[in-house]
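[1] Sequence and computational prediction follow.
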Protein chains: 4
Amino acid sequence: MAKAVDRVRRRKDILDAAVRVFARKGFAASRVEDVAAEAGIAKGSVYLYFDSRDALLAGVFESYRARSDAVLATVGEGPALERLARLVGEVVDMLATHRDHARVLLDVWASAPSLDMAAVYRQYREAISALLRQARAEGQLRPDVSEHHATLIVATIEGCLLQWLTDDRVPLTDLAAPIIELTVEGIRA
Amino acid sequence: MAKAVDRVRRRKDILDAAVRVFARKGFAASRVEDVAAEAGIAKGSVYLYFDSRDALLAGVFESYRARSDAVLATVGEGPALERLARLVGEVVDMLATHRDHARVLLDVWASAPSLDMAAVYRQYREAISALLRQARAEGQLRPDVSEHHATLIVATIEGCLLQWLTDDRVPLTDLAAPIIELTVEGIRA
Amino acid sequence: MAKAVDRVRRRKDILDAAVRVFARKGFAASRVEDVAAEAGIAKGSVYLYFDSRDALLAGVFESYRARSDAVLATVGEGPALERLARLVGEVVDMLATHRDHARVLLDVWASAPSLDMAAVYRQYREAISALLRQARAEGQLRPDVSEHHATLIVATIEGCLLQWLTDDRVPLTDLAAPIIELTVEGIRA
Amino acid sequence: MAKAVDRVRRRKDILDAAVRVFARKGFAASRVEDVAAEAGIAKGSVYLYFDSRDALLAGVFESYRARSDAVLATVGEGPALERLARLVGEVVDMLATHRDHARVLLDVWASAPSLDMAAVYRQYREAISALLRQARAEGQLRPDVSEHHATLIVATIEGCLLQWLTDDRVPLTDLAAPIIELTVEGIRA
DNA sequence: CATGAATGAGTCTTCATTCAT
DNA sequence: CATGAATGAAGACTCATTCAT
């Protein structure tokens, strides 16, 4: 039993190390040995937990998806637009809290077509669309809101993330309120 | 004379080939030989026009900047918010027209910290901020518009771009109107 | 512990292989892979012990210097001219015993300005000059011996080496006695 | 006629350029383009006069041989030992006057086994041996002079050349007299 | 399980040589 | 003859992956 737990723990340690290394130098410039060193283990040991270098990136992506799913699962109670506002706030908060993790998404976009970032966005859009439909059913939505509004909400979040990742001076956490104001409060009936 | 023209032309041909190859496989997976083959020349000939593989990516980035600058320079006349709407429309149009080029930006973000994507976004934000200030001076702006609105406009565009690049089903051109509706018309006094 | 020893040993094996290969084909025509094959290892393994192809040549030079220093350190006891004669004999003997090593010096001269052959000759000249000064103090030196005599002694040795290296028929070991006769016995008071 | 003369002249210009370039950077680090630039012509034009890069080195060697032959041919008149002294002096003078040319010999030794430096030395030794035989016939030679003395004379010259080439502080012209004193006057009966 | 030495496939890059203009 | 753009063979070097200890 302890063995299995240790194994899971060690795997997570390596993944955390990979996140730090990939965030620091980019995936393309990161060597398996760099990750091993960051994790405090030998290069060969990485292969006891991951099949390949690409599997490290996949693992990072997967752990991001897990976190992302967790956020989507906690929309809670209340009117749809309030839940939407909370969702947007929590997604932004999650990204701001895990900057390294978010940074690695740049590499997932660029280097790993097999890792389905599109599915992540699709999932966000669907969750948001569901909330928008509920808001409409609740009579809370302005009638002229575009059918593409879910895409715009995801876009605003991801676009702010992008600017924050490439430029320290862009304050992601301060942007949460304006994002909500624009994309959620701004569509209230 | 003719020589100089030919040289410029050949350089551009290689750059165009590089854009296609990088867009197709990603920069990390693209070989110099792939670019040469796409351009219909020998591997070694690439080095007559570019110092290194990285210089190809830098060249692609540079040509993107040039196009981007050209768009920013054509805001035209009229009330500030109209010019802003036109600017957003033209940026989206430019990106939609040059999908391959835009796709390569993903690699610039991820693989080339020396290529200053942050400066591109900063430039967009500044151009938009200037227009927002003018709109305010013209009394066209709702008083509660966030100081971060320029960032949000850039974010919405780039976020839509991102979703379009990763997912064919997201229709970038159809998104231009909703983007403008939300981020420009929505802030009109 | 054992590891460290093995590492030193392996490094030496590669260096020995490099000496053989460089002596056989010349440094310019020697490939890293040739050295690896001669050492019975894979190409990449060479780089575990040497930073670059040039570092192999530097390593060969360094090991020559070490051998050369060892010879200079063993002049022993007795009248200065006897020690000088012994030194000349031992240098010639060392060169004759390690023909491959000596052959590589040709490449050091020609290909590696950063490897300081001049310093080696300077060191020889200084050691010999010291002995000549002692011989003079001992009254063993003919008064008309040139101030450049140390240079001439080094020249005679190296010049014989050169002729031997380029022409098998020149018998280096047989030349030791005549060299000593001419350059050492010939200056005795 | 003029054509042929021009062709010979151009060939010589290239060879002179090659000597300068090879002396400056070593043959291994010298590019055909470097030689062309030094000669003030285009890279491709070198191939109108030389078959290959190696042929440039061969040409330099050949021109050295020609100069060397010229020196050997001018021993002049008089007692054998005087002619020998004159020969040694003129060889040293020739080398000192054409340092670049001499420097390139290092590369010939190291890089071009097909260029027969051994034959050059052999030729020197034979010329010197002939003079020593005459000196003996003239009763001018000490009876105990080694059969290897010709080799030693060549060695002294080449060894001084070597030290001068690798170390500016070694004054080759000043060494002519001591060389003659040691290797020629020192064997007079 | 952990290690890290060894491997060798994979790429970038250089540059001698060719040849169309 | 002269040019210099184009070629592509060759080789240094890297690093993901394996495996004996």
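    Sure, I can see it. These numbers come from a predicted model, not from an experiment. Numbering: from 1, shown residues only, chains lettered A, B, ... in the order given.
[2] and the closest residue to DNA strand E within chain A, how far is that from chain B?
    Nearest residue of chain A to DNA strand E, counting by C-beta to the nearest atom of the strand: A:Gly44, 1.8 Å away. In short, each C-beta sits where N, CA and C put it, glycine included. Distance of A:Gly44 to chain B, given as C-beta to the nearest C-beta, to the nearest Å: 24 Å.
[3] Can you name the helix or strand that that residue falls in?
    With secondary structure defined by DSSP states H and E, A:Gly44 is part of helix A:43-46.
[4] Show me what that helix is packed against.
    helix A:32-39 (3 or more C-beta pairs under 8 Å, 6 or more residues apart in numbering or on different chains; DSSP states H and E).
[5] Briefly note if the helix it packs on comes near DNA strand F.
    Yes. Figure legend: helix A:32-39 in contact with DNA strand F (C-beta under 7 Å from any atom of the strand); contacting residues A:32-33.
[6] for that helix, the distance to its chain's centre please.
    Distance of helix A:32-39 from its chain centroid, counting by C-alpha atoms, centre = their mean, to the nearest Å, is 23 Å.
[7] can that helix be found next to DNA strand E?
    No. Contact of helix A:32-39 with DNA strand E (C-beta under 7 Å from any atom of the strand) is absent, the minimum separation being 7.5 Å.
[8] In that helix, which residues are buried?
    A:32, A:34-36, A:38-39 (16 or more other C-beta atoms under 10 Å in any protein chain shown).
[9] Residues contacting that helix, please?
    Residues from elsewhere that reach helix A:32-39, judged by C-beta atoms under 8 Å, 6 or more residues apart in numbering or on different chains: A:13-14, A:16-18, A:20-21, A:25, A:42-43, A:45-46, A:53, A:56.
[10] of these, buried ones?
    A:14, A:16-18, A:20-21, A:46, A:53, A:56.
[11] Which single one of those is nearest to B:Arg65?
    Set against B:Arg65, the nearest of the buried ones among the contacts of helix A:32-39 by C-beta to C-beta is A:Val21 (29.6 Å).
[12] quick one on the thing from earlier: mind listing which of the contacts of helix A:32-39 are in helices?
    The helices, defined by DSSP state H, take in A:13-14, A:16-18, A:20-21, A:25, A:43, A:45-46, A:53, A:56 from the contacts of helix A:32-39.
[13] how many other residues sit next to the closest residue to A:Asp167 other than its chain neighbours?
    Nearest residue to A:Asp167, sequence neighbours excluded (C-beta to C-beta, 6 or more residues apart in numbering or on different chains): B:Ala118, at 4.0 Å. By other C-beta atoms under 10 Å in any protein chain shown, 18 other residues sit near B:Ala118.
[14] Looks like B:Ala118 contacts A:Leu165 (just checking).
    No. Using C-beta atoms under 8 Å, B:Ala118 makes no contact with A:Leu165, being 9.1 Å away.
[15] quick one: pLDDT of A:Lys3?
    pLDDT recorded at A:Lys3 is 63.
[16] Please apply the same query to the one 3 residues further on.
    We have a pLDDT of 86 for A:Asp6.
[17] Assign the one residue in chain A that gets nearest to chain D to helix, strand or coil.
    As assessed by C-beta to the nearest C-beta, chain D sits closest to A:Ala29 within chain A, at 30.5 Å. Each residue gets one of three states, and A:Ala29 gets coil by DSSP: H, G, I helix; E, B strand; the rest coil.
[18] what's the closest non-adjacent residue to it?
    Closest to A:Ala29 by C-beta to C-beta, 6+ apart is B:Ser111, at 7.8 Å.
[19] The one you found and A:Asp107, how far apart?
    Separation of B:Ser111 from A:Asp107 (C-beta to C-beta, to the nearest Å): 8 Å.
[20] With A:Ile180 instead?
    A:Ile180 is 29 Å from A:Asp107, by C-beta to C-beta.
[21] Looking at the two, which one has more neighbours?
    Comparing A:Ile180 with A:Asp107 by neighbour count (other C-beta under 10 Å), the higher total belongs to A:Asp107, at 26 against 21.
[22] Can you give me every residue that contacts the more buried one?
    A:22, A:26-28, A:57, B:110.
[23] Which pLDDT value belongs to it?
    Per-residue pLDDT puts A:Asp107 at 91.
[24] what's the answer for the one 5 residues further on, then?
    What the model reports for A:Ala112 is a pLDDT of 82.
[25] ok, now A:Gln134?
    For A:Gln134, the model assigns a pLDDT of 95.
[26] That one looks like it's in a helix, true?
    Yes. The assignment for A:Gln134 by three-state DSSP puts it in a helix.
[27] Pull the number of nearby residues for it.
    16.
[28] Which residue, neighbours along the chain excluded, lies closest to it?
    A:Ala80 (3.7 Å).
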